[in-house]
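Participant: The sequence and its predicted three-dimensional model are supplied below.
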Amino acid sequence: MSRSAVALVACIVALALVPLFAEKFYVQFFAKIIIMAILAMSLDLLLGYAGLVSFGHAAFYGAAGYALALATPQFQAASFWTSLPLAVAASALLALAIGFFVVRTRGIYFIMVTLAFAQMLFFLFYDTKIAGGNDGIYIDARPVADIAGWRPFSLDDYRHVYWLALAFLAAVYVLLRTVLRSPFGRAIAGIRVNEQRMISLGYATFRYKLACFVLSGAIAGIAGYLAAVQFGVVNPETLGWHLSAAVMMMVILGGMGTLLGPVLGAAAWMLLELGLQGLPDAGGVNLGKHWQLFMGLFIVVATLVLPHGIVGLARSLRRPAERSLDKLGTNDGLGTNDG
Amino acid sequence: MDLHTFLIQLLNGVQYGLLLFLVASGLTLVFGIMGIINVAHGSFYMIGAYLAWSLTARLGSFWIAVPAAIVVAAAVGVLLEWLVIRRLYDRDHLYQVLLTYGLILVFEEMRSLLWGDDVRGVPVPASLGSSIPLTETLSYPVYRLFISGVCLAVALLIVWVIQKTRLGMIIRAGSVDRQMVQALGIDVHALYRVVFAAGITLAAFAGMVSAPVSAIAPGMGNPVLIVCFVIIVIGGMGSVKGAMLASLLIGLVDTFGKVVHVEIGGLHVLPELSSMTVYLLMAVVLLWRPEGIFGRRA
């Protein structure tokens, strides 16, 4: 094992120890960060690696939550082992259907079309009676993970949810690292840099981009499923564009085109949100209630001064250490490419 | 549906479409000429409506409030271009989207601090408050006809400015080759400032004229923005002609989607799913012409 891999494993072990001593609130908050990190990673596959700027990524996250809610019988629990694949399949199918249309477009059109399709789904759940309309739907009982009477973990225990999310984060990291280093990942990077050249080399770029879109949607589905399990409720906001924009911001904040960047970005974003919501009153105005004002200003400033995110900042501060950072599977991003 | 109802819905659809055109044309011009995608464009629709409400209450007359609100909106546009937008000209669309999304949050909270979170209304000006009777029970409000007329006049003004004036000539040249225009001694940055201010003023103006017939509410610009995206995808980015055609199409499809009853296999499809009709239209256009009806191939 290389040094960076050891460091990574050490980080995961340290995170796994958190529920043993932290209070419930913080364990649940950390689980939320981990779920957002999975979602941000899935979006980075599109933003940073394939160069597809999706502004409707929440659709796939929300769809998995709705799939779980609709698959859960009233007052009974669904099986974890069937509902998770079902929810992920729902997200993947949705990504296939939307991707079939949006992957034909590029640049600015791609941004607008992904947003428009996500909003279409939002309105489907918001305006109709399916799954409780704009109030959303409660999941009465969390899925059970029984295998022939044996229960390896219980999703009613907030610590188990945390560990499950952490396990998925690690698994998604390994999966994406493997995919990005495979010929498929190289082709995706090639399409981002010069699609015409990839076409002339004989690559069916439409299929590559669509496959990438579906993979990304499926991983977003994992995050959406975990979130639905944790909160026990799904509403149209989970499909909405505010979440899509927030996830985009997490990716940019952490460092686009790197795998660990989105994780750092998700943590930074969630901590910032928590901090801003807790702002005290000042001059008769409840600043915490208007926290989005500061979030908005932060977004404006961050996009202007931090285009390469936290990872990019760390790199420019520690130029000599650049090589060891590259070994963390971050060699494809930040404008440099080896394709 | 009888003929009179059909006629009323037709007028409503055209009026909604023309109103959407005002917003969409601003968005498409700013993109076509400056290469900037402004997600906060819808916020100016909201700001326009709130300005109309606030200034009407303060100045006592809708007819004084609207010109004053136009001046305020244009001034905000110039200031915003100078403060942040000009830093985005050389940046990727991704950063343009994010930064202007941040502006949406800022504008929403400023609106909340300045004007509160309540739903507001502006009375229809007395001089246009009457209705034209169609039958004994049906009539059509004059103010809605007025909206259509004003929007049409503004649309013609836009086309005239772009096609027939010296400013329009410079704008068209600037959208094709920025450096060449600069080399000819024209201040492109000043030009961009004017275009940006004009673009968002169009959105704000749409908010103002529709204020007397709509609920002035928080977040009212967001659905309008997304419908404008659909219009631009259908019409073709940067094309004013495309924006006009697509706006009318969307206006009619949306309006009739809400009043027509359609059942397929015993399931109510319309009007239950009317909010999805415009997106289905977009999907069809994407399959047929991914770059929009009047779009240039990228």
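Facilitator: On my side now, so go ahead.

Participant: where do the strands sit along chain A?
Facilitator: A:137-138, A:233-234, A:281-282, A:285-286 (DSSP state E).

Participant: Including mean pLDDT, could those strands go into a markdown table?
Facilitator: Below are those laid out as a markdown table (pLDDT from 0 to 100):
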| stretch | mean pLDDT |
| --- | --- |
| strand A:137-138 | 88 |
| strand A:233-234 | 91 |
| strand A:281-282 | 80 |
| strand A:285-286 | 79 |
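
Participant: Quick check: residues of the stretch 201-339 of chain A near chain B?
Facilitator: Contact residues, the stretch 201-339 of chain A versus chain B (CB under 8 Å from any CB of the partner chain): A:241, A:245, A:248-249, A:252, A:285, A:290, A:292-293, A:295-300, A:303-304, A:307. Placement of C-beta: from N, CA and C, glycine included.

Participant: Using ChimeraX, make a named selection holding only the buried ones among the residues you listed.
Facilitator: In ChimeraX, a selection of the buried entries from these looks like this (16 or more other CB atoms under 10 Å in any protein chain shown):
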select /A:241,245,248,249,252,290,292,293,295,296,298,299,300,303,307
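
Participant: so of the strands of chain A, which one's packed in deepest?
Facilitator: Greatest average neighbour count among these goes to strand A:233-234 (a mean of 22), per mean count of other CB atoms under 10 Å in any protein chain shown.

Participant: What lies in contact with that strand?
Facilitator: A:Gly62, A:Gly65, A:Tyr66, A:Leu68, A:Ala69, A:Ala131, A:Gly136, A:Ile137, A:Tyr138, A:Ile139, A:Ala228 (CB atoms under 8 Å, 6 or more residues apart in numbering or on different chains).

Participant: Let's see which of these end up in helices.
Facilitator: Those of those mapping onto helices are A:Gly62, A:Gly65, A:Tyr66, A:Leu68, A:Ala69, A:Ala228, per DSSP state H.

Participant: Name only those of the contacts of strand A:233-234 that count as buried.
Facilitator: Buried members of these, counted by 16+ other CB under 10 Å: A:Gly62, A:Gly65, A:Tyr66, A:Leu68, A:Ala69, A:Ala131, A:Gly136, A:Ile137, A:Ile139, A:Ala228.

Participant: what's the distance between A:Leu15 and chain B?
Facilitator: To chain B, A:Leu15 is 28 Å away according to CB to the nearest CB, to the nearest Å.

Participant: Equivalent analysis for A:Tyr66, please.
Facilitator: For A:Tyr66, the distance to chain B (CB to the nearest CB) stands at 16 Å.

Participant: before we move on, what about A:Phe80?
Facilitator: Distance of A:Phe80 to chain B, computed by CB to the nearest CB: 32 Å.

Participant: How about the contacts made by that residue?
Facilitator: Applying CB under 8 Å, 6+ apart to A:Phe80 gives the contacts A:Pro143, A:Val144, A:Ala145, A:Leu155.

Participant: Name the member of the residues you listed with the most neighbours.
Facilitator: Greatest neighbour count in these, by other CB atoms under 10 Å in any protein chain shown, goes to A:Pro143: 23 neighbours.

Participant: Surely that residue touches A:Ala78?
Facilitator: Yes - using CB atoms under 8 Å, A:Pro143 is in contact with A:Ala78, at 4.7 Å.

Participant: Next, give phi and psi for A:Gly136.
Facilitator: phi 90, psi -170 (degrees, to the nearest 10).
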